[in-house]
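J.: generate coordinates for the sequence data below:
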Amino acid sequence: MNVKNRQLLKQLLLLSGLIAAPSLFAQMVNIDHITRKWLDSAYADQSPAQKLDIYLPESGDGPFPVILSIHGGAFSGGDKRDGQVTPMLEGLKRGYAVVSINYRLSGEAIWPAQINDCKAAVRWIRANADDYKLAAGKIAAWGGSAGGHLSAMLGTAGDVALLEDLSQGNAQQSSRVQAVVDWFGPTNFLTMDELQKQSGIPNPMIHSVPKSPESLLIGGNLEDFPDRVSSANPETYISKDAPPFLIQHGTEDNLVPHLGSLLFARKLGMALGYEKVALEFFPNTGHGGPAFNTRENLERVFTFLDKVLVK
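T.: Numbers count the residues shown, from 1 in each chain. Take a look at the predicted model:
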């Protein structure tokens, strides 16, 4: 995304009174107080973007279950150390390690580079788990918006060979995760405009145009590349082998329609059993915002993760 388009996207977010602050442009978090950390470790060598940060609880020998934090930013912005990692870092107080990753953005590479990178990061975590006191078999992907989409992709795509780039390393390791927290992530890009219309929420962004974040991600207008759009849809890969999901979405979201999450959760429930899929809608809440970061909601998120990963 060029500077002009990025500025336009930022203006749209700011003009939308439905979000407290656009997470795409959040300030970097202060991590000075975290003593056990490793920053900017490379998980692959194809791009400077392929780096991750590791944070451990202040005490304990582990192995610690892992929260894999995947930032959002319309697939074109965001950073592993910006404000989006703040709720995940709360996990350090509850005995979780946090691994926050960067990945190639759409301005550098088109789909499927982004999921290739996320999968490479998971394989790296498993291959290096013993060195960092990580529980290799207990990894939860958690992200918002584009990060929610990539978290959902990790959950449904598992070891799908077409989405793996094993040349990035650790080919012998699995890229499966054991739980997913999907905050307001998109699913089927081709239906976003219609679902937004059905929701009745005014939409400041049209997705089925060449300059939309989703079109820039796949490398062309959505309607011209239906196969590529399908490959970027987490619904495509739903099976009974997917892990438990917690999906949360604001009903006033004017950028990613909440009805997409409803349809996604319904399809997941049919495959997994509805007891393994939790869907929660927040009224009067847009694309992100305070409702997701309240103490009460984070308690719900960590209760979900505890149930799945802490056994």
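
J.: can we go C-alpha only for contacts and neighbour counts from here?
T.: OK.

J.: ranges for the strands of the stretch 51-200 of the chain?
T.: For the stretch 51-200 of the chain, the strands defined by DSSP state E, counting those that start in this stretch occupy 51-55, 64-70, 97-101, 134-144, 179-183.

J.: to Phe281, which of those strands lies closest?
T.: Smallest distance to Phe281 across those (C-alpha to C-alpha): 10.3 Å, for strand 179-183.

J.: go ahead and name everything in contact with that closest one.
T.: Contacting residues not belonging to strand 179-183 are listed as 139-145, 147-149, 151-152, 155, 243-249, 288, 301, 305, 308-309 [C-alpha atoms under 8 Å, 6 or more residues apart in numbering].

J.: return a PyMOL selection command for the buried portion of these.
T.: Of the contacts of strand 179-183, the buried ones can be selected in PyMOL as follows, counting by 16 or more other C-alpha atoms under 10 Å:
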select buried, resi 139+140+141+142+143+144+145+147+148+149+151+152+155+243+244+245+246+247+248+249+288+301+305+308+309
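
J.: and Lys211, which of the three is it?
T.: When classified by DSSP: H, G, I helix; E, B strand; the rest coil, Lys211 comes out as coil.

J.: where does it land on pLDDT?
T.: Each residue has a pLDDT score; the one for Lys211 is 85.

J.: how much space between it and Leu262?
T.: Taking C-alpha to C-alpha, to the nearest Å as the criterion, Lys211 is separated from Leu262 by 26 Å.

J.: do the same with Glu280
T.: Distance of Glu280 to Leu262, computed by C-alpha to C-alpha: 9 Å.

J.: likewise for Ser212?
T.: From Ser212 to Leu262 the distance is 23 Å (C-alpha to C-alpha).

J.: same check, this time on Ile218
T.: Counting by C-alpha to C-alpha, the gap from Ile218 to Leu262 is 24 Å.

J.: do Lys37 as well
T.: According to C-alpha to C-alpha, Lys37 and Leu262 sit 37 Å apart.

J.: before we move on, what about Gln27?
T.: Distance, Gln27 to Leu262, by C-alpha to C-alpha: 31 Å.

J.: same question, Asn293
T.: According to C-alpha to C-alpha, Asn293 stands 21 Å off from Leu262.

J.: the more surrounded of those two?
T.: More crowded of Asn293 and Leu262, by other C-alpha atoms under 10 Å: Leu262, with 17 against 14.

J.: surely Gln27 and Thr86 touch.
T.: No - assessed by C-alpha atoms under 8 Å, Gln27 is found out of contact with Thr86, at 10.8 Å.

J.: more neighbours, those two?
T.: Comparing Gln27 with Thr86 by other C-alpha under 10 Å, the one with more neighbours is Thr86, at 16 against 13.

J.: surely the more buried one meets Val29?
T.: Yes - Thr86 lies in contact with Val29 (C-alpha under 8 Å); the separation is 7.1 Å.

J.: low-confidence stretches in the stretch 201-311 of the chain?
T.: Within the stretch 201-311 of the chain, no range satisfies pLDDT under 70.

J.: recalculate using a threshold of 90.
T.: Filtered on pLDDT under 90, the stretch 201-311 of the chain yields the residue ranges 201-211, 254, 286, 288-289, 310-311.

J.: any idea where the helices of it begin and end?
T.: Taking DSSP state H, counting those that start in this stretch as the criterion, the stretch 201-311 of the chain contains helices spanning 213-218, 226-231, 258-272, 290-293, 295-309.

J.: angle of the third one against strand 179-183?
T.: Note on geometry: by axes from the mean of the first three to the mean of the last three C-alpha atoms, to 10 degrees, helix 258-272 and strand 179-183 are set 160 degrees apart in direction.

J.: can you give me how far helix 258-272 is from the chain middle?
T.: Helix 258-272 sits 17 Å away from the centroid of its parent chain (C-alpha atoms, centre = their mean, to the nearest Å).

J.: again, but for the first one
T.: Relative to its chain's centre, helix 213-218 lies at 16 Å (C-alpha atoms, centre = their mean).
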